[in-house]
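Engineer: Provided below are the primary sequence and the corresponding predicted coordinates.
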Amino acid sequence: MASKAAQKRLTKEFVAMQNDPPPFIWAVPDEKNILTWNYIIRGPPDSPFAGGEFHGLLLFPPEYPFKPPGIKMLTPSGRFHPDKKICFSMSDFHPGSWNPAWSVATILTGLLSFMLSNEMTTGSVNSNDSQKRQLAMKSHAWNLNQTRFKEAFPDFCTPFPKDLPNMGEQRKPSPPAPLMFNPPDSVSSPSATMVLPNTLPASTTNPPTSAGTANIKPKASDDASAAAEVALSWGQILWEKWRWGALIALAVIVSRLSSGRS
């Protein structure tokens, strides 16, 4: 039977597991005994256990958190003997190194790290990477045939292994949204520039003169220039007419004088 300290602590850790599970790990207490927890470890993708689903037990003493739990892995993994206690620094094989601050999440994270190593200890077995991969491929089917697994994890009894709440994805922070400026309706083009009133320097209050409009004169000047050009044209025409008329008249006078002399 769990002590009040163990009951309180394990209840708190269950809430923490629900809210923030470690990568590749999930665990729940037995409905009838809070001192017995079932866990699932999923093989990380960069390991020989990739795609594997490994079910095991944490067996807490009534004195928890002042004494460490026993730890077993039930699913054949090629790393540990099925249903046999595992010796490592956070298990009941080493009560002297136990730290009461360690939690369910800490223990299982340590177990996963130990699983990925090649260190031999009580409860471990020798196998090569190829054998580990083969067992990982068969692990989910093996779990589906185990009553304890089906009772502890009914939501994970699916045709294919189901992802745990935390599958170790690295969530990158979203880049800041670009500052957007929505021009008013009067600005029809996205590339149009809005000029705020009273923000231009004095030298730019008049619109700049482009190369194509540099010689354009005000309207009054245009009219005077056109009138001068018309007057000049008519003067030239009259002069030409007067000159030719004078030449014809002179020719007539000369012709008469010549006739009179003859």
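Structural biologist: Received, thanks.
Engineer: so who does the closest residue to Pro29 other than its chain neighbours touch?
Structural biologist: Leaving aside its sequence neighbours, Pro29 sits nearest to Trp37 (CB to CB, 6 or more residues apart in numbering; 5.1 Å). For glycine as for every other residue, the C-beta is placed from the backbone atoms N, C-alpha and C. By CB atoms under 8 Å, 6 or more residues apart in numbering, the contact set of Trp37 is Leu10, Ala27, Val28, Pro29, Asp30, Leu57, Leu58, Phe60, Val104.
Engineer: out of the residues you listed, which is most surrounded?
Structural biologist: Each of the contacts of Trp37 was scored for neighbours by other CB atoms under 10 Å, and Val104 scores highest at 26 neighbours.
Engineer: which stretches of the stretch 101-250 of the chain have low pLDDT?
Structural biologist: 170-250 (pLDDT under 70).
Engineer: mind listing what's buried in stretch 128-141?
Structural biologist: Lys132, Arg133, Leu135, Ala136, Ser139, His140 (16 or more other CB atoms under 10 Å).
Engineer: right, I mislabeled it, should have said stretch 142-152
Structural biologist: Buried, per 16+ other CB under 10 Å, within stretch 142-152: Trp142, Asn143, Phe149, Ala152.
Engineer: and the closest residue to Phe156 other than its chain neighbours, how close does it get to Arg42?
Structural biologist: Among residues not flanking Phe156 along the chain, Lys162 sits closest, at 5.0 Å (CB to CB, 6+ apart). Separation of Lys162 from Arg42 (CB to CB, to the nearest Å): 10 Å.
Engineer: neighbour count: these two, which is higher?
Structural biologist: Neighbour count, other CB under 10 Å: between Lys162 and Arg42, Arg42 has more, with 25 against 15.
Engineer: how far away is the spatially closest residue to the more buried one that is not a sequence neighbour from Asn99?
Structural biologist: Of all residues not flanking Arg42 in the chain, Phe24 sits nearest, at 4.5 Å (CB to CB, 6+ apart). For Phe24, the distance to Asn99 (CB to CB) stands at 22 Å.
Engineer: many thanks, we can stop here.
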